[in-house]
Every structure is written in structure tokens, then in C-alpha cells.
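Asks: Here is my input; please provide its structure:
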Amino acid sequence: MRVFHLSAECYPVAKVGGLADVVGALPKYQNRAGLQAAVVMPFYNRKFTQENTFDIVFRASTLLGTRRLYFEILKESTDKLGFELYLVKIPGLIDREEVYQYPDETDQFIAFQIAFLDWISYSQQTPDIIHCHDHHSGLVPYLLQHSRLYTRLANTPTVLTIHNGQYHGAFGWNKLSYLPEIDMSTTGLLDWGGSINPLAAAVKCCWRYTTVSPTYLTELSLQSNGLEYLFYLEGHKGSGIINGIDTEVWNPKTDAMIPGKFTIKQITAGKRVNKEALCSRFGLSPDRPLISFIGRLVFEKGADLLAAALEESFNEHPGQFNFLLLGAGEKDNERELIELRNFYSDQCNIFIGYDESLAHLIYAGSDFLLMPSRVEPCGLNQLYALRYGTCPMVRRTGGLKDTVIDFGDDGGYGICYNNASVEDICHSVTRAITLYKNTAHLERLQKLMMALDFSWDRSAKEYINLYESLKPTI
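Replies: Coordinates of the predicted model:
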């Protein structure tokens with residue numbers, strides 16, 4: 001079965017968030033299970049593209065409204081990622097360094113999708129499944145069915161995975177002419193709230209859609225930035241498949257980014273080596289429990305609550321725990337956290353930005369990982385933490401609810417709470433400090449965490465089963 005994954009991100013080519021990790025791993029595991037999975041994404045002028053070799057497999061031109069665009073399809077020549085990687089390059093539009101935040105971002109992603117469809121249509125590519133990821137490829141299911149240019153591919157099944165339903169990619173009707181020769185009687189399928197909404201169009205037109213956790217599937221009909229009723233109407237097409245993690249990249253036994261490699265049997269000594277290295281780097285005592293946070297400093301992640309909750313916890317438990325943060329985002333949140341670090345410098349440190357190797361060290365060297373998210377479709381950070389024997393402290397939402405069981409419950413191993421609030425975060429900190437003092441119990445929980453299976457093998461099989469269910473109609 002030939003599957004094309006369409007995505008704006010893919011690790012290690014270009015990563016902004018968890019979307020990149022998923023698209024960088026799922027196709028590899030699908031190939032191992034017998035599929036022919038490939039990734040198609042925009043070209044970015046970044047380290048990966050500069051240091052690797054690519055073959056030009058297709059050249060053509062297309063129209064974006066009245067603007068003629070020349071594009072190339074580049075294929076990474078060695079398949080070093082475990083799957084075929086194709087990049088869509090359009091000089092002056094899709095050949096830049098950053099993934100998002102350009103003023104013509106809408107034009108970029110429309111052109112990316114049209115170029116992809118032109119390529120597979122003109123070159124007689126016939127995929128069995130086109131798997132779209134988020135709104136950046138959300139127009140593809142619609143165009144396959146309602147543009148006469150792609151009638152040869154109209155019966156190709158499309159699957160949409162929603163990694164974050166808060167972002168729709170909506171744009172004005174003044175850009176309708178950018179779409180190639182559509183049936184004008186079908187424009188209602190593009191509309192939601194008076195705009196062209198690629199995510200809404202994808203949900204309406206795809207054959208099946210998935211969310212990245214079962215709980216998030218339910219939550220979309222309650223909170224999806226205006227698409228709640230649509231998800232209620234189209235719920236029969238949806239299913240929730242929990243994300244996996246690449247257990248080769250995230251493996252404390254072989255991780256080249258950490259100084260102390262370890263297995264379940266060596267967990268106490270191994271984590272101690274990494275904790276000492278981490279605390280030494282940031283001027284913190286390794287003899288205290290270390291609670292960390294990794295992620296975007298935005299409202300979704302509950303980052304606006306961190307400074308107040310930590311200040312209260314530092315005052316309630318003076319000198320009894322440390323806190324370390326790796327992340328960036330809203331400037332007010334950054335400023336408050338930097339001020340907190342300056343006032344509690346013996347217990348707190350902050351790294352504004354993102355560093356992949358530091359993230360690995362934090363997962364390996366921390367005792368606890370704090371995730372007070374308001375919205376968390378799946379969450380990968382808690383899965384990475386579990387892989388390294390680091391106890392997640394999570395709010396029960398989305399994938400956090402599906403993957404973390406409170407240590408006070410039968411079979412539990414994490415710290416869970418219900419509300420994205422200062423009070424609940426402080427209570428979880430108190431529980432973490434108490435748990436840390438019971439070293440034998442904590443070690444038992446750490447071994448349980450490391451033994452859990454959140455690999456892509458399991459999740460990849462669920463996607464394959466979904467694809468197989470569409471085969472009789474192919």
C-alpha cells in the first residue's frame with residue numbers, strides 16, 4: 001500500500017512542535033510493517049537540506065490565481081530517515097528558512113498543496129492513501145473531489161489527522177481564485193464562519209479523520225475554536241489514535257545526548273549522573289527534587305500560571321525543590337519567569353529558547369515533568385518523560401488523560417490533577433515533594449514508567465487498520 005503523508009513539519013528536516021516528531025516517525029514504522037509510506041513537505045533552507053543530497057524528480061509550473069509559479073519536487077537521495085522524503089520547492093515562496101510566521105503564509109501552503117497535486121497527477125503517481133496532517137494540507141481532500149484537474153485521483157482515499165484543532169488556516173474569499181478550476185457549486189464545502197477554512201473543508205471532505213488521542217476526539221466537539229458543531233456533525237468519520245514515540249531516538253540506553261546512559265536496572269545511578277550534570281549546568285542542587293517544564297510559553301500550555309504557582313510553592317516549601325524551564329513564547333510569560341528566576345536563583349533557572357540536546361538531558365535528569373496544559377491533543381513530552389523514568393505531573397485533558405494514571409490509583413505512576421489553576425499546580429508540587437522523599441516507592445514507579453510501551457509500533461498498526469478499512473472502496 002502506497003501512502004503519502006503531507007505535512008508542514010517533519011523531524012529532523014524542520015521542527016516547531018510535536019507535529020514534526022509524529023511525521024518524522026510514523027512513516028518509518030509503517031514501512032517496517034510493510035507499507036510504502038513517504039513524506040511530502042515544503043522545502044526549507046535549513047541545516048538538513050544544506051547537508052544532504054537531493055534529486056530533482058519533477059519540474060513544472062502551476063498557477064496561483066494569475067501568478068505563474070515554477071516548482072520542483074526534490075527527493076532525498078538515500079532515504080536515510082527510513083522513508084522517502086519529497087520536498088516541494090518554489091523559488092521566492094517555498095524556499096525560506098522558517099516554517100511559519102511569514103505574511104504570505106496562506107499563499108505558501110495553498111501553493112504547496114497545488115504543486116503536490118499537480119505532481120502526482122501529471123507524473124501518473126497513484127497513491128493508495130493520501131494522509132493529510134492539520135490544516136496546512138487541508139484543501140487536498142476537497143480539491144481531489146471538486147477540481148476537474150485531478151479527476152484521475154478523485155477516488156483516492158484521504159485521511160486527515162488533527163494534531164491541533166485550534167488552528168484552522170482560515171483565509172478570505174478574495175483568494176478563492178487561487179484554487180485550480182473548482183466546481184463553483186461546491187464552495188459551501190470550503191466555508192466555515194464566512195471564510196475559507198482549510199481544516200473545516202478537510203473534515204467535510206476527507207474519507208476519515210483521526211485525532212492524536214481518544215479523549216481529544218471527544219474534546220473537539222466541545223472546544224475547537226469554532227468548529228465544535230462541525231465535529232459533532234462529522235463525528236461518525238472520526239477515531240482517536242494515541243501518538244507513539246520513536247523509541248530509537250528516545251532511548252536512555254543509547255541516547256548520545258545524555259552523559260549517563262541507563263536501563264531499567266540502572267535507573268537510580270543513571271538518572272543521578274544526568275541530574276548532576278543538569279544541575280551543575282544550571283547552578284542547582286542535585287539533592288533536591290527537580291521539577292522541569294519543556295514547551296511553548298503560551299496560554300494553551302498553562303504557561304501563564306507557572307510564575308504565580310511556583311512563587312507560592314517556593315514560599316510554601318522553601319529550599320525543598322528546584323525548578324528548571326526550557327521554552328519560549330509569549331513575552332509576558334517569559335518576563336514573569338525571568339523575574340522569578342532572579343528572585344529565587346538558588347531554586348530556579350530558566351532557558352528561553354529551544355535546544356534538542358538540552359531537552360534530552362532534562363528528560364533524563366529531572367525527577368518530575370510539569371504539564372499544566374489547558375489544551376493537549378496528545379502530548380509527547382509526557383511520553384518522553386516516561387521513557388526516561390521521569391514522573392509526569394499533568395492536568396487531565398486530551399492525551400495526558402489517556403496516557404498518565406495517577407500514582408494513587410491502581411497501576412498508576414504519575415501525578416494528575418483536574419484544573420489548570422495555580423491551586424492545582426501547587427498541590428501537585430506538594431505531592432511531588434512527598435513522593436520524592438519515599439525513595440523506594442519512587443524507584444518502583446520509575447521502573448514501571450520505563451516499562452510502558454508507547455512506541456510507534458502499536459500506533460502504526462492502528463493507522464494501517466484504518467487504511468485497510470478503506471480498501472474495499474478503492
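
Asks: Surely residue 46 touches residue 95?
Replies: No - using C-beta atoms under 8 Å, residue 46 is not in contact with residue 95; the gap is 10.8 Å. Every residue, glycine included, has its C-beta placed from N, CA and C.

Asks: what about the nearest residue in space to residue 25 that is not next to it in sequence, how many neighbours?
Replies: Using C-beta to C-beta, 6 or more residues apart in numbering and skipping residues adjacent in sequence, the residue nearest residue 25 is residue 246, 4.0 Å away. As a burial measure, residue 246 scores 20 neighbours (other C-beta atoms under 10 Å).

Asks: Look up how far residue 24 lies from residue 326.
Replies: 20 Å (C-beta to C-beta, to the nearest Å).

Asks: same deal with residue 195?
Replies: For residue 195, the distance to residue 24 - C-beta to C-beta - is 31 Å.

Asks: Of these two, which one has the most company?
Replies: residue 24 (25 against 15).

Asks: quick one: pLDDT of residue 474?
Replies: Here, the pLDDT recorded for residue 474 equals 44.

Asks: What of residue 266?
Replies: For residue 266, pLDDT reads 94.

Asks: Kindly tell me how buried it is, as a neighbour count.
Replies: 15.

Asks: Backbone dihedrals for it, both of them.
Replies: Main-chain dihedrals, residue 266, degrees, to the nearest 10: phi -110, psi 20.

Asks: same question, residue 106
Replies: phi -60, psi -50.

Asks: Which strand residues bridge the closest residue to it other than its chain neighbours?
Replies: Spatial nearest neighbour of residue 106, chain neighbours left out: residue 171 (4.5 Å); criterion: C-beta to C-beta, 6+ apart. Applying DSSP bridges to residue 171 gives these bridge partners: residue 196.

Asks: Surely residue 171 touches residue 196?
Replies: Yes - contact criterion C-beta under 8 Å: residue 171 and residue 196 qualify, at 5.5 Å.

Asks: where does residue 258 fall, helix, sheet strand or coil?
Replies: coil (DSSP: H, G, I helix; E, B strand; the rest coil).

Asks: Hmm, it is touching residue 275, no?
Replies: No - Residue 258 lies out of contact with residue 275 (C-beta under 8 Å); the separation is 10.6 Å.

Asks: so what sits against both of those two?
Replies: Common contacts of residue 258 and residue 275 (C-beta atoms under 8 Å, 6 or more residues apart in numbering): residue 365.

Asks: Run through who's touching stretch 456-466.
Replies: By C-beta under 8 Å, 6+ apart, stretch 456-466 touches 1, 25-26, 28-30, 32-33, 35, 131, 159, 208, 210, 239, 241-247.

Asks: Now residue 395. Its backbone dihedrals?
Replies: phi -80, psi 140.

Asks: can you tell me which residues contact it?
Replies: 302, 371-374, 376, 416-420, 424.

Asks: and residue 426, what element?
Replies: helix 422-437 (DSSP states H and E).

Asks: per-residue pLDDT, the residue nearest to residue 25?
Replies: 89.

Asks: For residue 62, see how far away it is.
Replies: Distance from residue 246 to residue 62, by C-beta to C-beta: 34 Å.

Asks: And for residue 56?
Replies: 16 Å.

Asks: The two: which is more packed in?
Replies: residue 62 (19 against 10).

Asks: does that one really touch residue 112, like I thought?
Replies: No - shown here, residue 62 and residue 112 do not form a contact pair, counting by C-beta under 8 Å, at 10.7 Å.

Asks: right, and the helix or strand after the host helix or strand of residue 444?
Replies: Taking DSSP H and E as the definition, residue 444 sits inside helix 439-451. Next along the chain after helix 439-451, taking DSSP H and E as the criterion, comes helix 456-470.

Asks: Three-state assignment for the nearest residue to residue 189 once chain neighbours are set aside, please.
Replies: Nearest non-adjacent residue to residue 189, counting by C-beta to C-beta, 6+ apart: residue 204, 5.1 Å away. Following three-state DSSP, residue 204 is assigned to helix.

Asks: What count of nearby residues applies to residue 204?
Replies: 21.

Asks: What are the buried residues along the helix or strand that contains residue 217?
Replies: If you go by DSSP H and E, residue 217 is part of helix 214-220. If you call a residue buried by 16 or more other C-beta atoms under 10 Å, then helix 214-220 has these buried ones: 214-217, 219-220.

Asks: quick one: it to chain centroid distance?
Replies: Its chain's C-alpha centre lies 16 Å from the corresponding centre of helix 214-220 when counted by C-alpha atoms, centre = their mean, to the nearest Å.

Asks: How about stretch 448-464?
Replies: Distance, centroid of stretch 448-464 to centroid of chain: 16 Å (C-alpha atoms, centre = their mean).

Asks: Same question for stretch 352-360.
Replies: For stretch 352-360, the distance to the chain centre is 16 Å (C-alpha atoms, centre = their mean).

Asks: Please work out the average pLDDT along it.
Replies: For stretch 352-360, the per-residue pLDDT averages 95.

Asks: Flag every buried residue along it.
Replies: For stretch 352-360, by 16+ other C-beta under 10 Å, it's 358-360.

Asks: what's near enough to touch the residue nearest to residue 240 when sequence neighbours are not counted?
Replies: Take residue 240 and drop its neighbours on the chain: the residue closest to it by C-beta to C-beta, 6+ apart is residue 214, 3.3 Å away. Residues in contact with residue 214 (C-beta under 8 Å, 6+ apart) are 240-242, 402.

Asks: Greatest separation within the residues you listed: which pair is it?
Replies: 241 and 402 (10.5 Å; C-beta to C-beta).

Asks: what's the overlap in contacts for the two?
Replies: Applying C-beta under 8 Å, 6+ apart, one finds that residue 241 and residue 402 are jointly contacted by 213-214.

Asks: ok, back up a step: list only buried entries from the contacts of stretch 456-466.
Replies: Buried, going by 16+ other C-beta under 10 Å: 1, 25-26, 28-30, 35, 131, 159, 208, 210, 239, 241-247, out of those.

Asks: Could you say which helix or strand holds residue 161?
Replies: Residue-wise, residue 161 maps onto strand 158-162 under DSSP H and E.

Asks: Show me what that strand is packed against.
Replies: strand 129-133, helix 140-146, helix 198-205, strand 208-211, helix 456-470 (3 or more C-beta pairs under 8 Å, 6 or more residues apart in numbering; DSSP states H and E).
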